[in-house]
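> below are the sequence and a predicted model; questions follow.
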Amino acid sequence: MNVRHFTLAVAALLIGTSAYADPKCTAAPKDPQPAANSMRTLVDAGFKFQRAKVTKSDCYKLNGTNTIGDRVEIYLNPADGINVKTETETEKS
């Protein structure tokens, strides 16, 4: 009975953490220009970024706020600047 509970707990942990995993980007050579163009387009649209970093999965991760002030995490593919994943957290009033 204890083995069954342990197995269920491990399965729940694995399922729960997969939702928070970074998206996988390409391992192709990185050209900074397409990603820079994508970032410029977002800034011109009103997004504000406080932090940018390269993730372990080879994506560019941008942390900031969107045009209405909600927090966003945007993952860009460094090879072509395509938005791979966007997470938004609504500000509570």
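Sure thing, it's come through. Keep in mind it's a predicted model, so treat the numbers as computed, not measured.

> what's stretch 70-85 in contact with?
Residues from elsewhere that reach stretch 70-85 (Cβ atoms under 8 Å, 6 or more residues apart in numbering): 22-23, 25-26, 28-39, 42, 47, 54-55, 58-66, 86-91. C-beta coordinates here come from the backbone N, C-alpha and C atoms, glycine included.

> buried among the residues you listed? Need that as a selection in ChimeraX.
Buried members of the contacts of stretch 70-85 can be picked out in ChimeraX with the line below, counting by 16 or more other Cβ atoms under 10 Å:
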select :25,30,34,35,38,39,42,47,58,59,60,61,62,64,65,66
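
> Arg51: how many residues sit nearby?
For Arg51, the count of nearby residues is 9 (other Cβ atoms under 10 Å).

> so who does it touch?
Taking Cβ under 8 Å, 6+ apart as the criterion, Arg51 is in contact with Leu62, Asn63, Gly64.

> also Lys53?
So Lys53 contacts Tyr60, Lys61 (Cβ under 8 Å, 6+ apart).

> so that it lines up with my notes, have the first residue be 642 from now on.
With the count now opening at 642, the last piece we talked about shows up as Lys694.

> dump the helix or strand harbouring it to PDB, restricted to CA.
Secondary structure assignment for Lys694, by DSSP states H and E: strand 689-695. Presented in PDB, the C-alpha positions along strand 689-695 are these (Å, rounded to 0.1, in the frame of the first residue of the first chain):
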ATOM      1  CA  LYS A 689       8.400  46.800 -21.100                       C
ATOM      2  CA  PHE A 690      11.100  44.300 -20.200                       C
ATOM      3  CA  GLN A 691      13.100  44.300 -17.000                       C
ATOM      4  CA  ARG A 692      15.100  41.100 -17.600                       C
ATOM      5  CA  ALA A 693      16.300  38.900 -20.400                       C
ATOM      6  CA  LYS A 694      18.300  35.600 -20.200                       C
ATOM      7  CA  VAL A 695      19.100  32.500 -22.100                       C
END
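
> paired strands for that strand, with orientation please.
For strand 689-695, sheet partners with direction are given as strand 701-706 (antiparallel), following DSSP bridges.
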